[in-house]
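*Asks:* Provide a 3D model corresponding to the input given below.
(4 chains)
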There are 2 protein chains.
Amino acid sequence: MTTSEWEIMRVIWTLGEATSRQIIRVIGLKTDWSPSTIKTLITRLKNKNYLTDNGAARDRLYTPTIAEQDAMTDTLHQTINSMCAMCVGDAITTVIASTTLSQHDILHLQDTLTQRLPAAPETVACDCMPDNWED
Amino acid sequence: MTTSEWEIMRVIWTLGEATSRQIIRVIGLKTDWSPSTIKTLITRLKNKNYLTDNGAARDRLYTPTIAEQDAMTDTLHQTINSMCAMCVGDAITTVIASTTLSQHDILHLQDTLTQRLPAAPETVACDCMPDNWED
DNA sequence: TTTATAAGTCTACAAATGTAAACTATAAGT
DNA sequence: ACTTATAGTTTACATTTGTAGACTTATAAA
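*Replies:* Predicted coordinates:
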């Protein structure tokens, strides 16, 4: 899913399901994308199977095939997995330091971390290079 | 920076500076990219100003213009900022639960979270839609 | 019933990205 | 000095992405 497609998905995720009219209206409030552009994006999301529709000839309802949480988790996962395992903890810490989290989120996160601490390794090796790169 | 370009950067970041020969060799160990492809990627990274070189006519040394930590932080930041503010805490928690972090990382992260807790809001509103979308 | 509005489809086109062959020039070895 | 291996440059081409006009058709209004 590209960044523009992601924007479209966010409104559909929030509405649960939506017509192109609704999407065009809401997206139009925060971008200057033409209705045509938004229609193209919807079509592409359908082709990529991120959206289904109820088949109506008009005022068709589009529904996500993937939950927002899942999409978010997958995306984050990919981003993090593409980064140096040794450095990623630091990056996460830095970013979290400037991300607004609710009290509940923070407590939940702390809880998760506490659980992981016992089994956590002393250090994590850099994985930017294949193991045998020095041969 | 695209994902393939990112792979190139990772080896240069790790080596500090590198010749195309080194990059081609190391990348060749983990991908089947042709030397040509890797050269193209290096050129594009130079054009995008992510790399400089020492100007030698041959065996030129390429150096990153951005630190790995900064690039990682920026990338993560962008990813997170493109997501629903209300849901992102949950996604981060889920992903962290399956990411290997060192003991030190965990402690540092917990420390950061503890510091943020007092000022943390009770809840974070969804920002997927513009504020006035219901008008 | 005719008509206009707009939902949905097709077509378009530039820029970015993945992928790589061909060409040029340079340094090292003979 | 000549050859050769190869580093660096050019050119190439398909696919994806950003962006949107044009066209077709279905429905609500007149």
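
*Asks:* make it CA atoms for all contacts and neighbour counts henceforth
*Replies:* Fine.

*Asks:* Can you tell me how far residue A:7 is from residue B:84?
*Replies:* Remark: distance between residue A:7 and residue B:84 (Cα to Cα, to the nearest Å) = 10 Å.

*Asks:* Now the common contact residues for these two.
*Replies:* residue B:128 (Cα atoms under 8 Å, 6 or more residues apart in numbering or on different chains).

*Asks:* which bits of chain A sit near DNA strand C?
*Replies:* Residues of chain A found near DNA strand C (Cα under 7 Å from any atom of the strand) are A:19-21, A:36, A:39-40, A:43, A:56-61.

*Asks:* Are any of those residues buried, and if so which?
*Replies:* Neighbour counting over the residues of chain A next to DNA strand C (16 or more other Cα atoms under 10 Å in any protein chain shown) leaves A:19-20, A:39, A:60-61 as the buried ones.

*Asks:* Would you map out the domains in chain A?
*Replies:* With domains defined by automatic domain parsing, chain A comprises A:3-64, A:83-122.

*Asks:* Including distance to residue A:76, could those domains go into JSON lines?
*Replies:* Converted to JSON lines, the domains of chain A look like this (distance: least, Cα to Cα, whole Å):
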{"stretch": "domain A:3-64", "distance to residue A:76": "13"}
{"stretch": "domain A:83-122", "distance to residue A:76": "11"}
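
*Asks:* for these, which one sits closest to DNA strand D?
*Replies:* When the domains of chain A are compared by Cα to the nearest atom of the strand, domain A:3-64 sits nearest DNA strand D, at 3.8 Å.

*Asks:* Is there proximity between the closest one and DNA strand D?
*Replies:* Yes: remark: domain A:3-64 sits within contact range of DNA strand D at A:3-5, A:32-34, A:36-38, A:40-41, A:56-58, by Cα under 7 Å from any atom of the strand.

*Asks:* Give the rounded mean pLDDT of that domain.
*Replies:* Across domain A:3-64, pLDDT averages out at 98.

*Asks:* Quick one: end-to-end distance for it.
*Replies:* For domain A:3-64, the first-to-last residue distance is 16 Å (Cα to Cα).

*Asks:* In three-state terms, label the spatially most central residue of chain A for me.
*Replies:* Central residue of chain A (Cα atoms, centre = their mean): residue A:72, 2.9 Å from the mean position. Put simply, residue A:72 is helix when judged by DSSP: H, G, I helix; E, B strand; the rest coil.

*Asks:* Quick one: residues contacting it.
*Replies:* Taking Cα under 8 Å, 6+ apart as the test, what residue A:72 contacts is B:83, B:88, B:91.
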